[in-house]
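Asks: no sequence on this one, just coordinates:
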């Protein structure tokens, strides 16, 4: 009786837990959440983080006291450690490996064990058994009786073409994720290179505008002296003062742009908030050795990680289609168990086992296999079209970047010679003004020409350096390309 009471109490507790669980599922507002809790990282809306915006962010490192000296190569190295886009891509590789293990589990042996102790009492009349005869009646209730069973279970797939192809598809998925992670490194280098080159361009503008302020200040002082001496009209002094104020305003804006660009660079490479640093590379320039179109295209198709990822995606969908078609094929499996069973009290046990070979032949599945095949075939065709589009895009990217590099190289050469001409023009205009041959109009125009020449040179140098980094990324060799195109920097 005591054993029966314990069994009854356990049964009541289990029924109560089941009722509470059902009530929680039916009423999510009661505090039980049914969401997975994972953030969608591909959506455009907050708080989701898109792929492109991820490369403009980072996981900040610890704050370092003092002012750090930062070169382009050091900035890239930091970005490859701290940039958010690359870190997320690394986790995608881990997730794809987890998916591969899940698919392999259907092909590898699975071993489990379970043990239980039961206390039962059975009413045979419940199952339709009646034991009555003239003169006596056999009781319809059997028990209570208790028994124990402890076993190890093994299942093994002998042949399952669907699971085999799903495992192959998952393997290709890992290769795709690895190639995507490698491509993410190139994107990080491109993002860091863009931010660093933009920052040194802004710093060069600050230095150039500051020099122009000094020149304008000198002109204003000279014009003021000549106006006071009565050798120049007052308009010359006003014109020189306007030029000085204009240059001072440009200097304020240039300093602000530089400070903001440094913050942008710090976010890309993972500097701690408030970290002070200085840029050590000042407008790097390395002449481009030249590269033929055919050689560039060959290197791009061999090295571009996004192209290799697209190839792996297509192979994965090919295996997925084979797996879908395998839904029509038979499969063979093996299952076995072994353990101990017996009765209690007394605990009299003996060995028990069961071995089964199973042949499963699909006959009619309501069109499910046909639907799976159609879906897999559509995904395969989509990936094939994406691959062809990417191949054409790589061709266009290579051609565009080569044109940009060639154009930027010529632009830098012309801008550099134009600075020398503008400087000579300014010197002559200043000499003519001191001699009283001309007024401040000619000097101000010469200063404008100098400012324009320096701006064109800074912009051309920035475009040239960025075009080289873009070419390295387009060829799929960003890390090697940066070292090649910026030797000694």
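Replies: Perfect, thanks for sending it. Computed from a prediction, not measured in an experiment: that's the story for all the values here. Numbers count the residues shown, from 1 in each chain.
Asks: residues touching residue 143, list them.
Replies: Residues near residue 143 by C-beta atoms under 8 Å, 6 or more residues apart in numbering: 120-122. C-beta: built from backbone N, CA, C; applies to glycine.
Asks: so which of those wins on neighbours?
Replies: residue 122 (14 neighbours; other C-beta atoms under 10 Å).
Asks: which residue packs closest to residue 183, ignoring adjacent ones?
Replies: In space, and not counting its chain neighbours, residue 183 is closest to residue 305: 3.6 Å by C-beta to C-beta, 6 or more residues apart in numbering.
Asks: what separates the one you found from residue 312, distance-wise?
Replies: 10 Å (C-beta to C-beta, to the nearest Å).
Asks: same question for residue 238.
Replies: Counting by C-beta to C-beta - residue 238 and residue 312 are separated by 70 Å.
Asks: between these two, which has more neighbouring residues?
Replies: residue 312 (21 against 14).
Asks: I'd guessed the more buried one sits against residue 169; true?
Replies: No - look at residue 312 against residue 169 with C-beta atoms under 8 Å: they stay out of range, at 10.1 Å.
Asks: for the stretch 351-489 of the chain, which spans come out with low pLDDT?
Replies: 487-489 (pLDDT under 70).
Asks: ranges for the helices of it?
Replies: Secondary structure of the stretch 351-489 of the chain (DSSP state H, counting those that start in this stretch): helices at 368-434, 440-474, 478-485.
Asks: for this structure, name the helix or strand with the lowest mean pLDDT.
Replies: helix 2-26 (a mean of 40; mean pLDDT, DSSP states H and E).
Asks: now stretch 316-328: mean pLDDT?
Replies: Looking at stretch 316-328 alone, the average pLDDT works out to 94.
Asks: got the contact list for it?
Replies: Contacts for stretch 316-328 (C-beta under 8 Å, 6+ apart): 160-166, 168-170, 172-173, 176, 362, 365, 368-369, 372-373, 375-377, 379-380, 383.
Asks: from the middle of its chain, how far away would that stretch be?
Replies: 29 Å (C-alpha atoms, centre = their mean, to the nearest Å).
Asks: and what of stretch 242-259?
Replies: The mean C-alpha position of stretch 242-259 is separated from the chain mean by 38 Å, C-alpha atoms, centre = their mean.
Asks: likewise for stretch 230-244?
Replies: With C-alpha atoms, centre = their mean, you get 58 Å for stretch 230-244.
Asks: go through that stretch and flag the buried ones.
Replies: Within stretch 230-244, the residues scored as buried using 16 or more other C-beta atoms under 10 Å are 232, 236-237, 239-241, 243-244.
Asks: for beta bridges, what are the partners of the residue nearest to residue 358 when sequence neighbours are not counted?
Replies: For residue 358, ignoring the flanking residues on the chain, the nearest one in space by C-beta to C-beta, 6+ apart is residue 333 at 4.8 Å. Beta bridges link residue 333 to residue 157, residue 358 when assigned by DSSP bridges.
Asks: I figured residue 311 was touching residue 386, is that so?
Replies: No - counting by C-beta under 8 Å, residue 311 stays clear of residue 386, with 10.7 Å between them.
Asks: more neighbours, the two?
Replies: Between residue 311 and residue 386, counted using other C-beta under 10 Å, the more crowded position is residue 311 (17 against 13).
Asks: quick check: residue 117 is in a strand.
Replies: Yes - counting by DSSP: H, G, I helix; E, B strand; the rest coil, one finds residue 117 located in a strand.
Asks: who touches it in this structure?
Replies: For residue 117, the contacting residues are 146-148, 344, by C-beta under 8 Å, 6+ apart.
Asks: is it bridged to anything, and to what?
Replies: According to DSSP bridges, beta-bridge pairing links residue 117 with residue 148.
Asks: quick one: pLDDT of it?
Replies: 90.
Asks: also residue 311?
Replies: Taking residue 311 on its own, its pLDDT is 95.
Asks: and if you look at residue 136?
Replies: For residue 136, the predicted pLDDT is 57.
Asks: quick one: mean pLDDT over the top helix by length along the chain.
Replies: In the chain, assigned by DSSP state H, the helix with the most residues is helix 161-229. Per-residue pLDDT over helix 161-229 has a mean of 91.
Asks: what packs against the helix or strand that comes right after it?
Replies: Sequence-wise, the next helix or strand beyond helix 161-229 is helix 234-269, with elements assigned using DSSP states H and E. When contacts are defined as 3 or more C-beta pairs under 8 Å, 6 or more residues apart in numbering; DSSP states H and E, helix 234-269 sits against helix 72-82, helix 161-229, strand 276-279, helix 440-474.
Asks: contacts only, for residue 344.
Replies: Residue 344 neighbours (C-beta under 8 Å, 6+ apart): 117, 146-148.
Asks: next, it: phi, psi?
Replies: Note on residue 344: its backbone torsions stand at phi -130, psi 150 [degrees, to the nearest 10].
Asks: residue contacts, the residue nearest to residue 224 when sequence neighbours are not counted?
Replies: Once flanking residues are discounted, residue 224 sits nearest to residue 237: 5.3 Å by C-beta to C-beta, 6+ apart. When contacts are counted by C-beta under 8 Å, 6+ apart, residue 237 touches 220, 223-224, 226-227.
Asks: check residue 122 too.
Replies: So residue 122 contacts 141-143 (C-beta under 8 Å, 6+ apart).
Asks: do residue 233 as well
Replies: Residues in contact with residue 233, defined by C-beta under 8 Å, 6+ apart, are 227, 439.
Asks: residue 473 now?
Replies: Counting by C-beta under 8 Å, 6+ apart, the residues that residue 473 touches are 186-187, 189-190, 481.
Asks: could you dump the residues you listed to CSV with neighbour count?
Replies: Formatted as CSV, the contacts of residue 473 follow (neighbours: other C-beta atoms under 10 Å):
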residue, neighbour count
186, 23
187, 22
189, 23
190, 21
481, 21
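Asks: now, the most widely separated pair of those residues?
Replies: 187 and 481 (13.5 Å; C-beta to C-beta).
Asks: before we move on, back to that, need the contacts of residue 344 in a markdown table (columns: distance to residue 103).
Replies: Output for the contacts of residue 344, formatted as a markdown table (distance: C-beta to C-beta, whole Å):
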| residue | distance to residue 103 |
| --- | --- |
| 117 | 37 |
| 146 | 42 |
| 147 | 39 |
| 148 | 37 |
